[in-house]
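1. From the sequence below, what's the structure:
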Amino acid sequence: MSSRVKIFRIEGSMLISHDRLPTWQKFSIEVRALKPEDAVEKVLSELGSRHKLKRKHIRINKIEEISLDEVKTRQILTLSRLTRWIR
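-> A predicted model of the protein is given here:
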């Protein structure tokens with residue numbers, strides 16, 4: 001199961017407070033996905049819901065597949081190391 005799921009680091013910038021003082025804020029998010037397109041969709045959805053951004057206010061600059069040794073996010077690391085689910 002985990003051999004098909006890859007870890008991607010998505011880097012880009014998002015437009016914060018586009019009303020008064022528009023500021024482009026950089027971000028770097030790690031997600032687990034099967035394909036790079038799925039990873040981008042997840043990041044757009046996450047940033048949109050978390051910061052109430054429209055997709056046109058999010059710019060993706062870099063998508064890279066990373067190894068388990070390069071992961072910085074603790075939740076992604078824990079999920080990747082799971083061997084089975086317990087109910």
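2. how about E30, what does it touch?
-> By CB atoms under 8 Å, 6 or more residues apart in numbering, the contact list for E30 reads I7, F8, R9, I10, I66, V71, K72, T73, I76. Where you see a C-beta, it was placed from the backbone N, CA and C, and this is true even at glycine.
3. For it, give me the backbone phi and psi.
-> Dihedral pair for E30: phi -100, psi 130, per degrees, to the nearest 10.
4. next one: I86
-> phi -120, psi 130.
5. the strands in the chain, which residues?
-> Along the chain, the segments classed as strands by DSSP state E run 6-16, 23-33, 58-66.
6. Do me a favour and average the pLDDT over the last one.
-> Right, strand 58-66. Taken as a whole, strand 58-66 carries a mean pLDDT of 97.
7. for that strand, packing partners?
-> Contacts defined by 3 or more CB pairs under 8 Å, 6 or more residues apart in numbering; DSSP states H and E place strand 58-66 against strand 6-16, helix 36-51.
8. Please work out which of these is packed deepest.
-> strand 6-16 (a mean of 18; mean count of other CB atoms under 10 Å).
9. other SSEs contacting that one?
-> Packed on strand 6-16, when contacts are counted by 3+ CB pairs under 8 Å, 6+ apart, are strand 23-33, helix 36-51, strand 58-66.
10. Please name whichever of these is nearest to L82.
-> When the helices and strands packed on strand 6-16 are compared by CB to CB, strand 23-33 sits nearest L82, at 11.0 Å.
11. average model confidence for that closest one?
-> Averaged across strand 23-33, pLDDT comes to 96.
12. Buried residues of it, list them for me.
-> Of the residues in strand 23-33, F27, I29, E30, V31, R32, A33 count as buried by neighbour count, 16 or more other CB atoms under 10 Å.
13. Tell me the bridge partners for the third one.
-> Using DSSP bridges, the beta-bridge partners of E30 come out as R9.
14. Now do the same contact list for I7.
-> So I7 contacts E30, V31, R32, E65, I66, S67, L68, V71, I76, S80 (CB under 8 Å, 6+ apart).
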